[in-house]
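1. Need coordinates for the below:
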Amino acid sequence: MKLPYFGRDFVMEWECKHCQCQGGNEDEHEYQEIVKAVQRDIAKANTISKHTLDRILKWKDKRELVKAKVNWGQYDVIYTPRFRLIIADSIPDHHKLFILIWDKSDLSKKLPVASGVLDNIHGKARGFGVPIASTVLHFIFPDRFPIIDIRTAETVYLACKIKSPNRGDYQIYDSFRSAILEIARKTSCTLHQIDRALFAYHRDIIQPQMDAVCKTWIAAGGHGTTLNLTLDAPSTVRRIILDALKRDP
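-> Numbers count the residues shown, from 1 in each chain. Next up, the predicted model:
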């Protein structure tokens, strides 16, 4: 599969196509309002309020599956300390994602600087998955942290040689982030514009080609004769299809 050059013209064209299909001005208005709300929260209390996190989760996850998993009753114990820690300039960018995704025991063992952040609670106090954690980071630092999801991760995997298309693998986030920041540097586009462009390109170009390859694969004896290549399909299956696309001249 031949991918286009991710220049400014590509970003402008495909961001426009994103707007035409993904809620248009309403979605963009909510995005901009959330950015402002986050900055107000930080200025007022050096954290993100319950209401603002709720808006972030609704914006990112229209099915509200993640929202249902948040322990809202222990918000000030589980989440507020994490947010305050990642906002701090003393925490390197490389560690900010870890603070949002690792559970209590992992934070203590793998990131000593975070030790004590969650001492007031019992149990593991799990954080967010990588896509949601990157979304929270993006709204706090819109020019430094891109959002990773299945569409953008797979597009970057095909074009920029990151080692995995699995958006849930925290180990690929640094290379994903570097690739997106490089596109931003070359195009003078915002991370938000690039995210929307890559999302739309995957939806309109890459996913249909993956569907076609999947049908051929099944016909040739691939696992599962009733496989529907949805975004929720097993990551191993999607990886097989992506790699077939990469080999296609």
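
2. In the chain, spot the helix with the most residues.
-> Longest helix of the chain, by residue count under DSSP state H: helix 24-45.

3. Return the distance of that one from the chain's centre.
-> Helix 24-45 sits 18 Å away from the centroid of its parent chain (CA atoms, centre = their mean, to the nearest Å).

4. Kindly report the same for stretch 78-98.
-> Worked out by CA atoms, centre = their mean, stretch 78-98 lies 17 Å from the chain centre.

5. First-to-last residue distance for it?
-> 14 Å (CA to CA, to the nearest Å).

6. Helices of the chain, start to end?
-> 8-21, 24-45, 50-60, 75-78, 80-87, 93-101, 104-110, 130-140, 150-160, 173-187, 191-201, 207-219, 235-247.

7. Hmm, Ser49 is touching Ala43, no?
-> No: with contact defined as CB atoms under 8 Å, Ser49 does not reach Ala43; the gap is 11.7 Å. Yep, even glycine has a C-beta here, placed from its N, CA and C like the rest.

8. Between the two, which is the more surrounded one?
-> Set side by side, Ser49 and Ala43 show more neighbours around Ser49, with 18 against 8, by other CB atoms under 10 Å.

9. ok, that one to Asp76 distance?
-> Using CB to CB, to the nearest Å, Ser49 is found at 10 Å from Asp76.

10. May I have the residues that are in contact with Phe199?
-> Listed by CB atoms under 8 Å, 6 or more residues apart in numbering, the contact partners of Phe199 are His18, Gln22, Asp149, Arg151, Thr152.

11. Tell me how far the residue positioned nearest the centre of the chain lies from Gly168.
-> By CA atoms, centre = their mean, the mean C-alpha position of the chain lies nearest to Ile148, the distance being 2.4 Å. Here Ile148 is placed at a distance of 9 Å from Gly168 (CB to CB).
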